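> All I have is the shape, not the residue letters:
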């Protein structure tokens, strides 16, 4: 039991990601208001982003910008001085960099759709919309 | 629905918690994610692209296709918002509100003509929410140029410090949205019209794809910036660095225009008249 507890305390980044992701998933499934569903989708996206960024971390390493790599002809310095253990993994950062902006874009599209739904049914509550559809 | 949601969430959470034991411990240098392609990126990117910021090098060069289509996705989102919400301007009679600048008195004007009333002493205000906000307006007017300057720095210096096209583009877009929030949507659109957003957005994507096509025309692979060495008169490795800068400028333009485009469509419900 103490073993499990210590592994959870050591890896609390995964725990935070799971909790946030479940909050987002619950909001998307159970909430009736469309805007709350959209907010849930964004929380889920944020959880994924946190997960990826925490994967990129490396003990004893710094940000992935090569030191003393500036200026003209810096690339002729040679690869021998750069050690992979000194820099954190750049790949998750690259993936999440684009994902953040795409998340904003999808949020925009979702809000535009919600506005169109409100224009038609004068409500954003899912059950009221369904009741109006059934009446017709 | 609520019970179903709780069941699904608990089941998924339990599966994820069960899998937690198999995950590598946090920040472990020997975890699988750090083993395969990432050491190659870290060790070779400066040598191959002359860009010290590895994230920028991977984003715009090694994974150039990915970033190009992400930019296309953003452009697509802007276009979707436009087509969903934009309504044609109607020339029917409407009631507009004006505020006398010196005394703060507001008047309602029922307009029947196409062109709105223009008087020097009066400013048009939104119907729903238009308090006096001199401090906010002045503070934002002072701040916005510096925000934009910082955004340009983030784009141009993305090779050497944290930054790049996406981040700089978002900061530029945020500065224009700040103008729209602190003043009103009409002021922001007066500075940068809807047509300009709609033009800049595809231009950004075009700069990206055009750079790739230029490399193709010079006899190299698509998005192989080494081909630009012949045009820029530098060695192929430095040409990669310059190619990344050109591409980042395209990304920045597309992202900035799309952010403002989406904002102005959503906040005014496609009418471009009274925003938030």
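Arrived safely. Note that this is a predicted model, so its numbers are computed, not measured. Numbering: from 1, shown residues only, chains lettered A, B, ... in the order given.
> What about residue B:251, how many residues nearby?
Close neighbours of residue B:251, defined as other CB atoms under 10 Å in any protein chain shown, add up to 30. For the C-beta atoms, the positions are set from N, CA and C on the backbone; glycine is no exception.
> quick one, what contacts it?
Neighbouring residues of residue B:251 by CB atoms under 8 Å, 6 or more residues apart in numbering or on different chains: B:60, B:67, B:71, B:164-166, B:169, B:204, B:208.
> Quick one, which of the residues you listed are buried?
Among these, those classed as buried by 16 or more other CB atoms under 10 Å in any protein chain shown are B:60, B:67, B:71, B:164-166, B:169, B:204, B:208.
> Read off the pLDDT value for residue B:119.
Listed pLDDT for residue B:119 reads 68.
> Tell me where the model's unsure across chain B.
When residues are selected by pLDDT under 70, those of chain B lie in B:89-93, B:111-119, B:129-132, B:276.
> Please repeat the previous calculation with a cut-off of 80.
Applying pLDDT under 80 to chain B picks out residues B:1, B:21, B:88-133, B:270-276.
> What segments of the chain are helices?
All of this refers to chain A. Ranges of helices within chain A are A:2-10, A:12-30, A:34-55, A:90-121, A:126-135, based on DSSP state H.
> That was the other one, I meant chain B.
Using DSSP H, helices in chain B cover B:2-19, B:38-49, B:54-57, B:64-85, B:134-156, B:165-182, B:185-191, B:194-217, B:229-232, B:236-267.
> now check the fourth one, is it near chain A?
Yes - using CB under 8 Å from any CB of the partner chain, helix B:64-85 comes into contact with chain A via B:66-67, B:70, B:73-74, B:77-78, B:80-81, B:84-85.
> sorry, back to before: redo the helices of chain A as CSV? Include mean pLDDT.
Below are these laid out as CSV (pLDDT from 0 to 100):
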stretch, mean pLDDT
helix A:2-10, 74
helix A:12-30, 90
helix A:34-55, 92
helix A:90-121, 90
helix A:126-135, 90
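> got those as a markdown table, with mean neighbour count and distance to residue B:232 columns?
Below are those laid out as a markdown table (neighbours: other CB atoms under 10 Å in any protein chain shown; distance: least, CB to CB, whole Å):
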| stretch | mean neighbour count | distance to residue B:232 |
| --- | --- | --- |
| helix A:2-10 | 10 | 50 |
| helix A:12-30 | 19 | 43 |
| helix A:34-55 | 18 | 35 |
| helix A:90-121 | 19 | 25 |
| helix A:126-135 | 12 | 56 |
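> Now distance to chain B too, for those helices, in CSV please.
Formatted as CSV, the helices of chain A follow (distance: least, CB to the nearest CB, whole Å):
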stretch, distance to chain B
helix A:2-10, 6
helix A:12-30, 3
helix A:34-55, 5
helix A:90-121, 3
helix A:126-135, 9
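> roughly how far apart are residue B:264 and residue B:148?
Distance from residue B:264 to residue B:148, counting by CB to CB, to the nearest Å: 18 Å.
> Comparing those two, which residue is more hemmed in?
residue B:264 (27 against 17).
> if I read this right, the more buried one contacts residue B:185, doesn't it?
Yes - between residue B:264 and residue B:185 there is a contact at 6.1 Å, judged by CB atoms under 8 Å.
> what touches both of the two?
Joint contacts of residue B:264 and residue B:185 (CB under 8 Å, 6+ apart) are B:272, B:275.
> circling back: and the helices of chain A: which comes nearest residue B:243?
Proximity to residue B:243 (CB to CB) singles out helix A:90-121 among the helices of chain A, at 16.9 Å.
> what's residue B:174 in contact with, if anything?
B:147, B:259.
> I meant to write residue B:51 there.
Contacts here follow CB under 8 Å, 6+ apart; on that basis residue B:51 touches B:45, B:57, B:61, B:159, B:240-241, B:244.
> first vs last residue of stretch B:100-107, how far apart are they?
With CA to CA, to the nearest Å as the measure, stretch B:100-107 spans 8 Å from end to end.
> gap between that stretch and the chain center?
37 Å (CA atoms, centre = their mean, to the nearest Å).
> for stretch B:174-191, same thing?
15 Å.
> Next, the distance between the ends of it.
14 Å.
> Let's have the helices of chain A in CSV, adding distance to residue B:25.
Shown next, in CSV, are the helices of chain A (distance: least, CB to CB, whole Å):
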stretch, distance to residue B:25
helix A:2-10, 6
helix A:12-30, 10
helix A:34-55, 11
helix A:90-121, 16
helix A:126-135, 42
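> And the ones you listed: which comes nearest residue B:178?
Per CB to CB, nearest to residue B:178 of those: helix A:90-121, 15.6 Å.
> Mind giving me the packing neighbours of the closest one?
Other elements packing on helix A:90-121 under the criterion 3 or more CB pairs under 8 Å, 6 or more residues apart in numbering or on different chains; DSSP states H and E are helix A:34-55, helix A:126-135, helix B:38-49, helix B:54-57, helix B:64-85, helix B:165-182, helix B:236-267.
> Just give me how far it sits from the chain centre.
Distance, centroid of helix A:90-121 to centroid of chain: 11 Å (CA atoms, centre = their mean).
> Can you check what angle separates it from helix B:165-182?
On the basis of axes from the mean of the first three to the mean of the last three CA atoms, to 10 degrees, helix A:90-121 is oriented at 40 degrees to helix B:165-182.
> which residues does residue B:239 contact?
Here residue B:239 is in contact with B:225-229, B:232 (CB under 8 Å, 6+ apart).
> which one of these has the most neighbours?
residue B:225 (28 neighbours).
> Contact partners for it?
Here residue B:225 is in contact with B:61, B:211, B:215, B:239-240, B:242-244, B:247 (CB under 8 Å, 6+ apart).
> how about the nearest residue to it, chain neighbours excluded?
Excluding the flanking residues, the one nearest residue B:225 by CB to CB, 6 or more residues apart in numbering or on different chains is residue B:243, at 2.7 Å.
> got the buried residues for stretch B:42-51?
B:42-43, B:45-51.
> brain fart, stretch B:177-194
For stretch B:177-194, by 16+ other CB under 10 Å, it's B:177-186, B:188-189, B:192.
> what do you get for stretch B:194-214?
Judged by neighbour count using 16+ other CB under 10 Å, the buried positions of stretch B:194-214 are B:197-198, B:200-202, B:204-205, B:207-209, B:211-212, B:214.
> thinking again about what came up before, go through the helices and strands packed on helix A:90-121 and name the closest to residue A:113.
Nearest of the helices and strands packed on helix A:90-121 (CB to CB): helix B:64-85, 6.7 Å.
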